[in-house]
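Visitor: please find the sequence and the predicted model below.
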Amino acid sequence: MIRVHDLTHHYGVRPVLRDISMDVQTGELVVLLGPNGMGKSTLLGCLAGVLWPQRGYVEFDGVRRRQSAREEYDLRRRCYYLPDDAWLPLARTGREFLIAVGRLYGVDYLRLFEHADRLLTLFHLIEQGDSPIQNYSTGQRKKIALASALIAETPYLLMDEPFSGGLDPAGIVALKGVLLGLRGDRGRTIVMTTPVPELVEELADRVGVIRGGELAAYDSVDALKRLADHDQSFETTLQELVDPDTRSNLEAYFAPLPGEDDA
Ligand SMILES: Nc1ncnc2c1ncn2[C@@H]1O[C@H](COP(=O)(O)OP(=O)(O)OP(=O)(O)O)[C@@H](O)[C@H]1O
(Lines give C-alpha, C1' and ligand atoms only; values in the text may rest on other atoms or scores of the structure.)
Protein backbone atom coordinates (compact mmCIF):
# COMPACT_ATOMS: atom_id res chain seq x y z
CA MET A 1 0.00 0.00 0.00
CA ILE A 2 1.14 3.54 -0.74
CA ARG A 3 0.24 6.29 1.71
CA VAL A 4 0.63 9.98 0.93
CA HIS A 5 0.15 12.08 4.03
CA ASP A 6 -0.37 15.82 4.10
CA LEU A 7 2.13 16.38 1.30
CA THR A 8 3.09 19.92 0.31
CA HIS A 9 5.63 20.74 -2.36
CA HIS A 10 7.05 24.08 -3.47
CA TYR A 11 9.42 24.99 -6.28
CA GLY A 12 11.19 27.95 -4.70
CA VAL A 13 8.44 29.94 -2.99
CA ARG A 14 5.76 28.82 -5.40
CA PRO A 15 3.44 26.16 -3.93
CA VAL A 16 2.58 23.45 -6.46
CA LEU A 17 0.93 20.84 -4.22
CA ARG A 18 -0.85 21.55 -0.96
CA ASP A 19 -1.90 19.10 1.78
CA ILE A 20 -2.30 16.08 -0.46
CA SER A 21 -3.37 12.92 1.37
CA MET A 22 -4.30 9.71 -0.40
CA ASP A 23 -3.93 5.94 -0.04
CA VAL A 24 -3.34 3.53 -2.91
CA GLN A 25 -4.27 -0.05 -2.00
CA THR A 26 -2.08 -2.93 -3.13
CA GLY A 27 -3.21 -4.18 -6.55
CA GLU A 28 -4.96 -0.95 -7.51
CA LEU A 29 -4.43 1.05 -10.66
CA VAL A 30 -4.74 4.73 -9.85
CA VAL A 31 -4.88 7.40 -12.51
CA LEU A 32 -3.86 10.94 -11.56
CA LEU A 33 -5.72 13.32 -13.80
CA GLY A 34 -5.43 17.07 -14.14
CA PRO A 35 -4.85 19.96 -16.49
CA ASN A 36 -1.33 20.74 -17.69
CA GLY A 37 0.93 22.25 -15.08
CA MET A 38 -1.20 21.32 -12.07
CA GLY A 39 1.36 19.10 -10.36
CA LYS A 40 0.73 15.52 -11.52
CA SER A 41 4.38 14.90 -12.39
CA THR A 42 5.44 16.62 -9.19
CA LEU A 43 3.24 14.30 -7.13
CA LEU A 44 4.55 11.26 -8.99
CA GLY A 45 8.13 12.48 -8.44
CA CYS A 46 7.41 12.70 -4.70
CA LEU A 47 5.97 9.16 -4.76
CA ALA A 48 9.10 8.01 -6.60
CA GLY A 49 11.44 9.64 -4.07
CA VAL A 50 13.13 11.84 -6.67
CA LEU A 51 11.48 14.94 -5.21
CA TRP A 52 11.47 15.69 -1.52
CA PRO A 53 8.28 17.39 -0.27
CA GLN A 54 8.64 20.35 2.04
CA ARG A 55 5.93 18.91 4.31
CA GLY A 56 4.29 15.54 4.70
CA TYR A 57 5.55 12.15 3.61
CA VAL A 58 5.12 9.16 1.32
CA GLU A 59 5.14 5.58 2.64
CA PHE A 60 5.29 2.27 0.81
CA ASP A 61 4.07 -0.63 2.97
CA GLY A 62 4.79 1.43 6.07
CA VAL A 63 8.32 2.41 4.96
CA ARG A 64 8.79 6.15 4.59
CA ARG A 65 10.63 7.38 1.51
CA ARG A 66 14.12 8.72 1.97
CA GLN A 67 14.29 8.03 5.69
CA SER A 68 17.33 5.77 5.57
CA ALA A 69 19.71 4.83 2.75
CA ARG A 70 19.15 1.09 3.27
CA GLU A 71 15.34 1.31 3.23
CA GLU A 72 15.35 3.69 0.30
CA TYR A 73 17.62 1.33 -1.65
CA ASP A 74 15.26 -1.63 -0.97
CA LEU A 75 12.28 0.50 -1.94
CA ARG A 76 13.85 1.58 -5.22
CA ARG A 77 14.28 -2.06 -6.21
CA ARG A 78 10.57 -2.67 -5.61
CA CYS A 79 9.32 0.44 -7.32
CA TYR A 80 9.95 1.44 -10.95
CA TYR A 81 9.52 5.09 -11.83
CA LEU A 82 9.17 5.97 -15.50
CA PRO A 83 9.29 9.75 -16.13
CA ASP A 84 7.55 11.05 -19.26
CA ASP A 85 10.92 11.87 -20.88
CA ALA A 86 12.86 8.86 -19.62
CA TRP A 87 16.62 8.75 -20.21
CA LEU A 88 17.65 6.12 -22.77
CA PRO A 89 21.13 4.75 -23.56
CA LEU A 90 21.14 5.81 -27.22
CA ALA A 91 24.28 3.89 -28.22
CA ARG A 92 22.87 0.58 -26.91
CA THR A 93 20.34 -1.65 -28.61
CA GLY A 94 16.81 -1.91 -27.27
CA ARG A 95 17.41 -5.52 -26.28
CA GLU A 96 20.66 -4.69 -24.44
CA PHE A 97 18.87 -1.94 -22.55
CA LEU A 98 16.01 -4.22 -21.50
CA ILE A 99 18.39 -6.96 -20.33
CA ALA A 100 20.46 -4.41 -18.36
CA VAL A 101 17.35 -3.03 -16.62
CA GLY A 102 16.12 -6.53 -15.80
CA ARG A 103 19.51 -7.45 -14.30
CA LEU A 104 19.56 -4.26 -12.26
CA TYR A 105 16.20 -5.23 -10.77
CA GLY A 106 17.31 -8.81 -10.10
CA VAL A 107 15.06 -10.56 -12.62
CA ASP A 108 16.05 -14.18 -13.17
CA TYR A 109 18.24 -14.60 -16.29
CA LEU A 110 16.13 -17.22 -18.07
CA ARG A 111 12.91 -15.26 -17.64
CA LEU A 112 14.66 -12.07 -18.58
CA PHE A 113 15.57 -13.07 -22.15
CA GLU A 114 12.13 -14.49 -22.81
CA HIS A 115 10.44 -11.45 -21.30
CA ALA A 116 12.57 -9.08 -23.41
CA ASP A 117 11.56 -10.98 -26.54
CA ARG A 118 7.89 -10.85 -25.60
CA LEU A 119 8.04 -7.12 -24.93
CA LEU A 120 9.80 -6.42 -28.22
CA THR A 121 7.14 -8.47 -30.00
CA LEU A 122 4.27 -6.82 -28.13
CA PHE A 123 5.46 -3.34 -29.05
CA HIS A 124 6.39 -4.27 -32.65
CA LEU A 125 10.07 -3.65 -31.97
CA ILE A 126 11.46 -7.04 -32.98
CA GLU A 127 13.11 -5.62 -36.10
CA GLN A 128 14.63 -2.67 -34.22
CA GLY A 129 15.48 -4.70 -31.10
CA ASP A 130 19.09 -5.22 -32.13
CA SER A 131 19.72 -1.69 -33.45
CA PRO A 132 21.01 1.19 -31.33
CA ILE A 133 18.22 3.20 -29.74
CA GLN A 134 19.51 6.35 -31.47
CA ASN A 135 18.04 4.92 -34.70
CA TYR A 136 14.54 4.63 -33.19
CA SER A 137 11.67 6.96 -34.04
CA THR A 138 9.99 9.02 -31.29
CA GLY A 139 7.22 6.46 -30.82
CA GLN A 140 9.68 3.57 -30.81
CA ARG A 141 11.71 5.32 -28.10
CA LYS A 142 8.56 5.67 -26.03
CA LYS A 143 7.86 1.98 -26.52
CA ILE A 144 11.32 0.86 -25.42
CA ALA A 145 11.03 3.12 -22.36
CA LEU A 146 7.69 1.49 -21.51
CA ALA A 147 9.19 -1.95 -22.06
CA SER A 148 12.01 -1.08 -19.65
CA ALA A 149 9.47 -0.29 -16.95
CA LEU A 150 7.67 -3.58 -17.55
CA ILE A 151 10.75 -5.80 -17.66
CA ALA A 152 11.78 -4.72 -14.16
CA GLU A 153 8.76 -6.70 -12.80
CA THR A 154 8.55 -4.51 -9.72
CA PRO A 155 5.48 -4.71 -7.47
CA TYR A 156 5.07 -0.93 -7.73
CA LEU A 157 4.98 0.87 -11.06
CA LEU A 158 4.88 4.68 -11.26
CA MET A 159 4.40 5.94 -14.81
CA ASP A 160 4.27 9.56 -15.89
CA GLU A 161 2.08 9.96 -18.99
CA PRO A 162 2.72 6.48 -20.36
CA PHE A 163 0.23 7.01 -23.19
CA SER A 164 1.80 10.21 -24.51
CA GLY A 165 4.92 10.64 -26.63
CA GLY A 166 3.91 9.34 -30.02
CA LEU A 167 2.49 5.88 -29.25
CA ASP A 168 0.63 4.49 -32.26
CA PRO A 169 -2.86 2.92 -31.87
CA ALA A 170 -1.38 -0.60 -31.66
CA GLY A 171 0.99 0.60 -28.93
CA ILE A 172 -1.89 2.16 -27.01
CA VAL A 173 -3.90 -1.06 -27.19
CA ALA A 174 -0.85 -3.10 -26.14
CA LEU A 175 -0.10 -0.85 -23.19
CA LYS A 176 -3.71 -0.80 -22.02
CA GLY A 177 -3.85 -4.59 -22.21
CA VAL A 178 -0.61 -5.02 -20.27
CA LEU A 179 -1.62 -2.60 -17.53
CA LEU A 180 -5.02 -4.25 -17.14
CA GLY A 181 -3.41 -7.70 -17.11
CA LEU A 182 -0.83 -6.71 -14.51
CA ARG A 183 -3.43 -5.13 -12.29
CA GLY A 184 -5.96 -7.92 -12.53
CA ASP A 185 -3.85 -11.04 -12.52
CA ARG A 186 -0.57 -10.13 -10.94
CA GLY A 187 -1.51 -7.80 -8.12
CA ARG A 188 0.81 -5.00 -9.17
CA THR A 189 0.14 -1.55 -7.82
CA ILE A 190 0.24 1.06 -10.56
CA VAL A 191 0.02 4.84 -10.35
CA MET A 192 0.03 6.74 -13.62
CA THR A 193 -0.65 10.29 -14.74
CA THR A 194 -2.52 11.50 -17.77
CA PRO A 195 -4.17 14.74 -18.83
CA VAL A 196 -6.72 12.70 -20.85
CA PRO A 197 -9.99 11.65 -19.12
CA GLU A 198 -10.81 9.16 -21.92
CA LEU A 199 -8.34 6.63 -20.52
CA VAL A 200 -9.80 6.54 -17.05
CA GLU A 201 -12.97 4.49 -17.39
CA GLU A 202 -11.22 1.58 -19.06
CA LEU A 203 -8.14 1.48 -16.86
CA ALA A 204 -8.55 2.95 -13.43
CA ASP A 205 -9.78 1.50 -10.16
CA ARG A 206 -9.45 4.91 -8.58
CA VAL A 207 -8.98 8.42 -9.91
CA GLY A 208 -7.27 11.41 -8.37
CA VAL A 209 -8.06 14.80 -9.86
CA ILE A 210 -5.40 17.42 -9.17
CA ARG A 211 -6.51 21.00 -9.57
CA GLY A 212 -5.16 24.22 -8.14
CA GLY A 213 -2.52 22.32 -6.18
CA GLU A 214 -5.08 20.22 -4.34
CA LEU A 215 -6.62 16.81 -4.68
CA ALA A 216 -10.00 18.01 -5.95
CA ALA A 217 -11.37 14.45 -6.07
CA TYR A 218 -10.06 11.04 -5.12
CA ASP A 219 -12.49 8.20 -5.49
CA SER A 220 -13.24 4.93 -7.19
CA VAL A 221 -14.43 5.03 -10.79
CA ASP A 222 -17.80 3.62 -9.64
CA ALA A 223 -18.25 6.40 -7.09
CA LEU A 224 -17.33 9.04 -9.66
CA LYS A 225 -19.75 7.49 -12.15
CA ARG A 226 -22.55 7.98 -9.63
CA LEU A 227 -21.82 11.72 -9.78
CA ALA A 228 -22.61 11.78 -13.50
CA ASP A 229 -26.00 13.17 -14.52
CA HIS A 230 -28.25 10.91 -16.57
CA ASP A 231 -27.83 13.10 -19.64
CA GLN A 232 -24.07 13.43 -19.26
CA SER A 233 -21.33 10.95 -20.05
CA PHE A 234 -18.74 9.84 -17.49
CA GLU A 235 -16.05 11.52 -19.57
CA THR A 236 -17.91 14.84 -19.44
CA THR A 237 -18.25 14.51 -15.67
CA LEU A 238 -14.53 13.91 -15.38
CA GLN A 239 -13.77 16.75 -17.76
CA GLU A 240 -15.81 19.10 -15.55
CA LEU A 241 -13.98 17.91 -12.46
CA VAL A 242 -10.65 18.47 -14.19
CA ASP A 243 -11.51 21.86 -15.67
CA PRO A 244 -14.90 23.28 -14.65
CA ASP A 245 -14.33 26.35 -16.86
CA THR A 246 -13.92 24.58 -20.21
CA ARG A 247 -17.55 24.97 -21.27
CA SER A 248 -17.83 28.66 -20.34
CA ASN A 249 -14.42 29.36 -21.93
CA LEU A 250 -15.63 27.75 -25.15
CA GLU A 251 -18.80 29.82 -25.13
CA ALA A 252 -16.71 32.96 -24.53
CA TYR A 253 -14.40 31.97 -27.39
CA PHE A 254 -17.30 31.73 -29.84
CA ALA A 255 -19.05 34.88 -28.60
CA PRO A 256 -19.21 37.60 -31.28
CA LEU A 257 -16.03 39.61 -31.60
CA PRO A 258 -16.23 43.43 -31.67
CA GLY A 259 -17.70 44.44 -35.02
CA GLU A 260 -19.45 41.07 -35.54
CA ASP A 261 -23.16 40.77 -35.70
CA ASP A 262 -24.47 38.81 -32.69
CA ALA A 263 -27.84 38.11 -34.31
N1 LIG B 1 11.84 22.18 -11.63
C2 LIG B 1 10.88 23.08 -11.56
N3 LIG B 1 11.13 24.34 -11.14
C4 LIG B 1 10.16 25.28 -11.05
N5 LIG B 1 8.86 25.05 -11.36
C6 LIG B 1 8.55 23.81 -11.79
C7 LIG B 1 9.54 22.77 -11.92
N8 LIG B 1 8.92 21.65 -12.37
C9 LIG B 1 7.62 21.98 -12.53
N10 LIG B 1 7.40 23.27 -12.17
C11 LIG B 1 6.11 23.96 -12.17
O12 LIG B 1 5.24 23.27 -11.30
C13 LIG B 1 3.94 23.17 -11.84
C14 LIG B 1 3.52 21.71 -11.88
O15 LIG B 1 4.32 21.04 -12.84
P16 LIG B 1 4.11 19.49 -13.17
O17 LIG B 1 5.11 19.12 -14.20
O18 LIG B 1 4.09 18.72 -11.90
O19 LIG B 1 2.63 19.53 -13.78
P20 LIG B 1 1.81 18.43 -14.59
O21 LIG B 1 0.43 18.44 -14.02
O22 LIG B 1 2.53 17.14 -14.60
O23 LIG B 1 1.79 19.06 -16.06
P24 LIG B 1 1.69 18.38 -17.52
O25 LIG B 1 0.33 17.78 -17.67
O26 LIG B 1 1.86 19.56 -18.44
O27 LIG B 1 2.81 17.39 -17.62
C28 LIG B 1 3.99 23.83 -13.22
O29 LIG B 1 3.40 25.11 -13.12
C30 LIG B 1 5.45 23.95 -13.55
O31 LIG B 1 5.70 25.14 -14.24
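Guide: The structure has been received and is ready for your questions.
Visitor: for the closest residue to the ligand within the stretch 51-200 of the chain, grab phi and psi.
Guide: Using Cβ to the nearest ligand atom, the single residue of the stretch 51-200 of the chain nearest to the ligand is residue 195, 4.7 Å away. (Each C-beta comes from the backbone N, C-alpha and C, glycine too.) Residue 195 adopts backbone torsions of phi -90, psi 0, taken as degrees, to the nearest 10.
Visitor: next: residue 38.
Guide: According to degrees, to the nearest 10, residue 38 has phi -90, psi -10.
Visitor: where is the longest helix in this protein?
Guide: Using DSSP state H, we find that the single longest helix of the chain is helix 169-186.
Visitor: other SSEs contacting that helix?
Guide: Contact analysis of helix 169-186 by 3 or more Cβ pairs under 8 Å, 6 or more residues apart in numbering; DSSP states H and E lists strand 29-33, helix 138-151, strand 189-194, helix 200-203 as its packing neighbours.
Visitor: ok, residues contacting the last one?
Guide: In this case it means helix 200-203. Residues outside helix 200-203 that contact it (Cβ atoms under 8 Å, 6 or more residues apart in numbering) are 29, 31, 33, 176, 179, 180, 194, 207, 221, 234, 235, 238.
Visitor: which strand residues bridge the third one?
Guide: Beta-bridge partners recorded for residue 33 (DSSP bridges): residue 194, residue 209.
Visitor: who does residue 7 form a beta bridge with?
Guide: Beta-bridge pairing for residue 7 (DSSP bridges): residue 20.
Visitor: show the pLDDT at it.
Guide: Residue 7 is assigned 96 on the pLDDT scale.
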